[in-house]
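[1] mind looking at a prediction? Sequence and model below.
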Amino acid sequence: MKYYLYRLNFLTALHIGNDSGLDNLASAEITIHSDTVYSALCTEAVLYGQDTLNRWVDLAKNVQILFSDALPFRENEYFLPKPAFRKQSVHPLSNPKDRKLMKKLSFIPLSMFHEYLSASDSTPFDIRRALSLQKDLVFPVKRQCVAISGQEATLPYFVGSVYFNDNCGLYLIVGAETEDAKKLFEKLLSSLSYNGIGGKRSAGLGKFRYDEPIAMETSKDPSICTLLELLLNRNADYYITLNTSLPKEEEMEEALTDGHFVLCRRGGFIQSTKYAAEFQKKKTVYALAPGTCVERTYSGEFLDLAQGGAHPVYRYLKPMFAGVNV
């Protein structure tokens, strides 16, 4: 599998609701789960016809294409999910008073990733520097809107979104087994860039352009080389997920034994007018959040969540691992 890195530069605000499902419309997350990216690309594949959709589904189901969550970057700094390690010895801090700051740290700058993993009492992790690097990646906006259609009286509501600051955006790591798989991904990503990703696309949100993909194997950028080493490390102490995933039922016990993880709720609506007469919610699934740490890898689920509708409803939960030694 060859790996590529795509940098998404947002031209408009982005609305991604929180994982809890509570006050979802008013919330605004900064990253996009891989299953959301997959579903959005499925919607684009539908526009090209059933054959294209079938090809896209087969590629994902058979792990011919694999991708990370959309994670933030600033210039040449890439941010990784904070590993779910619970051992304090993994990230001792330079100042014990800074421990509360660790809860504010959502991501680990790639340039500090090895420092985070190898931190010790003699070489503590500099939490303040890490926070400064991820400061002001975005600025949030909350808009007041009014629902009129189908209401006896106007109904005000709020929509949360974020704008990315200059030279900031989201990146996707994509693994492709074949050139055809890569080309189809880029075809769908290009279409998605015009139509937008996330919520409130009808209001123009979620549009982006993306830079020329970076072939990670041939890149001379030290950050990209470090990232590729993590992706290719198959002899690691721990494997950290870079996306949203879920082991198959038969893999669950072995995968999670001695693992560290946080669950995230995955819901949302079925974005298809052909599935049923009215828009319906997807069956809720609890998956492993990015940053999950396991000692043994797993192949992951590719679920069909349809409940009597006109076509399958897929949930993409195949893992992308970064191998680390601690």
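    Sure thing, it's come through.
[2] please, where are all the helices along the stretch 151-300 of the chain?
    179-195, 222-232, 252-256 (DSSP state H, counting those that start in this stretch).
[3] quick check: buried residues in the second one?
    Within helix 222-232, the residues scored as buried using 16 or more other Cβ atoms under 10 Å are 223-224, 227-228, 230-231. To be clear about C-beta, it is placed using only N, CA and C from the backbone, and glycine gets the same treatment.
[4] what is the neighbour count of V285?
    Around V285 sit 17 other residues, with neighbours defined as other Cβ atoms under 10 Å.
[5] list the contacts for it?
    For V285, the contacting residues are 246, 265-267, 303, 305, 315, 317, by Cβ atoms under 8 Å, 6 or more residues apart in numbering.
[6] related to what we said a few turns ago, would you turn the helices of the stretch 151-300 of the chain into TSV with mean pLDDT and distance to L59?
    Below are the helices of the stretch 151-300 of the chain laid out as TSV (pLDDT from 0 to 100; distance: least, Cβ to Cβ, whole Å):
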stretch	mean pLDDT	distance to L59
helix 179-195	97	5
helix 222-232	96	19
helix 252-256	93	23
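[7] list the contacts for R143?
    Shown in contact with R143 (Cβ under 8 Å, 6+ apart): 158-159, 161.
[8] which of the contacts of V285 ranks first by neighbour count?
    Going by other Cβ under 10 Å, L246 tops the contacts of V285 with 26 neighbours.
[9] chain center to the strand or helix carrying V141: distance?
    Per DSSP states H and E: V141 is located in strand 138-147. Mean-position distance between strand 138-147 and its chain equals 22 Å (Cα atoms, centre = their mean, to the nearest Å).
[10] now do the buried residues in that strand.
    Residues V138 are the ones in strand 138-147 that count as buried (16+ other Cβ under 10 Å).
[11] likewise stretch 165-184?
    For stretch 165-184, a neighbour-count test (16+ other Cβ under 10 Å) marks 168-176, 181-182, 184 as buried.
[12] nearest residue to L25 in space, please, no chain neighbours.
    Once flanking residues are discounted, L25 sits nearest to V159: 5.7 Å by Cβ to Cβ, 6 or more residues apart in numbering.
[13] ah, wrong one, I meant S106
    Among residues not flanking S106 along the chain, K82 sits closest, at 6.3 Å (Cβ to Cβ, 6+ apart).
[14] contact partners for the one you found?
    Applying Cβ under 8 Å, 6+ apart, we find K82 in contact with 105-108, 291.
[15] of the residues you listed, grab the buried ones for ChimeraX.
    Selecting only the buried entries of these in ChimeraX, with 16+ other Cβ under 10 Å as the criterion:
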select :105,107,108,291
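[16] what's the pLDDT at G300?
    Note for G300: predicted pLDDT of 97.
[17] scratch that, L93
    The predicted local confidence for L93 is 68.
[18] sorry, back to before: okay, the contacts of R143 in a markdown table with distance to S20, neighbour count and pLDDT next?
    Compiled in a markdown table, the contacts of R143 are given as follows (distance: Cβ to Cβ, whole Å; neighbours: other Cβ atoms under 10 Å; pLDDT from 0 to 100):
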| residue | distance to S20 | neighbour count | pLDDT |
| --- | --- | --- | --- |
| F158 | 16 | 12 | 87 |
| V159 | 17 | 20 | 88 |
| S161 | 18 | 23 | 92 |
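[19] among those residues, which are in strands?
    Within the contacts of R143, residues falling in strands by DSSP state E are 158-159, 161.
[20] point out where the protein drops to low pLDDT.
    Counting by pLDDT under 70, the chain has low-confidence residues at 86-96, 149-151.
[21] surely R265 touches T284?
    Yes - if you go by Cβ atoms under 8 Å, R265 and T284 touch, sitting 6.3 Å apart.
[22] need the overlap of contacts for the two.
    Taking Cβ under 8 Å, 6+ apart as the criterion, R265 and T284 both touch G21.
[23] end-to-end on stretch 269-287?
    17 Å (Cα to Cα, to the nearest Å).
[24] distance from the chain centre to it, please.
    Taking Cα atoms, centre = their mean, one finds stretch 269-287 lying 20 Å from the centre of the chain it belongs to.
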